[in-house]
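1. Next comes the sequence, and after it the predicted model I'd like to discuss.
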Amino acid sequence: QLQLVESGGGLVQPGGSLRLSCAASGSTLDYYAIGWFRQAPGKEREGVSCISHNGGSTHYADSVKGRFTISRDNAKNTVYLQMTSLKPEDTAVYYCYADRMGSRYWGQGTQVTVSS
């Protein structure tokens, strides 16, 4: 059973950067597409970014395009979300997920707070 654990969240000032990690155990990520969602209090869950199983294709929400970069290191069984030029509206709990053959697995989430 695939298990995902996010890390790297925290408090950062506007304009700052954070790198989130999504580490997998129980199975290799080689055949999974991976993505990130976020959810802020009182708001709908928002898809942030995703990456194909081989890293050849990436997608970003318009709200983060040009500021966030998703990448994966299959050797380390980890996916990353590099976030730069952070804004207060990026404050949310960030969740990673893994998709393969109709099954989706979720991590427990990591809090990102952008505030001065």
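-> Yep, that arrived. Numbers count the residues shown, from 1 in each chain.
2. Residue 7 - nearest residue in space that isn't next to it in sequence?
-> Spatial nearest neighbour of residue 7, excluding adjacent residues (CB to CB, 6 or more residues apart in numbering): residue 21 at 5.0 Å. Just so you know, the C-beta spots here come from the backbone N, C-alpha and C atoms, and that holds for glycine as well.
3. Now do the same contact list for that neighbour.
-> Residue 21 makes contacts with 6, 7, 8, 78, 79, 80, as judged by CB atoms under 8 Å, 6 or more residues apart in numbering.
4. now residue 111, which residues is it bridged with?
-> For residue 111, the beta-bridge partners are residue 93 (DSSP bridges).
5. so residue 15 makes contact with residue 83?
-> No - Residue 15 lies out of contact with residue 83 (CB atoms under 8 Å); the separation is 11.4 Å.
6. Name the residue in these two with the higher neighbour count.
-> residue 83 (26 against 11; other CB atoms under 10 Å).
7. any idea how far residue 90 is from the more buried one?
-> Per CB to CB, to the nearest Å, residue 83 is found 7 Å from residue 90.
8. How about residue 24?
-> 24 Å.
9. and residue 18, what are its bridge partners?
-> residue 83.
10. thought it was touching residue 91?
-> No - the criterion here is CB under 8 Å, and residue 18 misses it with residue 91 at 11.4 Å.
11. so where does the residue nearest the centre of the chain fall, helix or strand?
-> Against the mean C-alpha coordinate of the chain, by CA atoms, centre = their mean, the closest residue is residue 36 at 3.5 Å. Using DSSP states H and E, the element containing residue 36 is strand 33-39.
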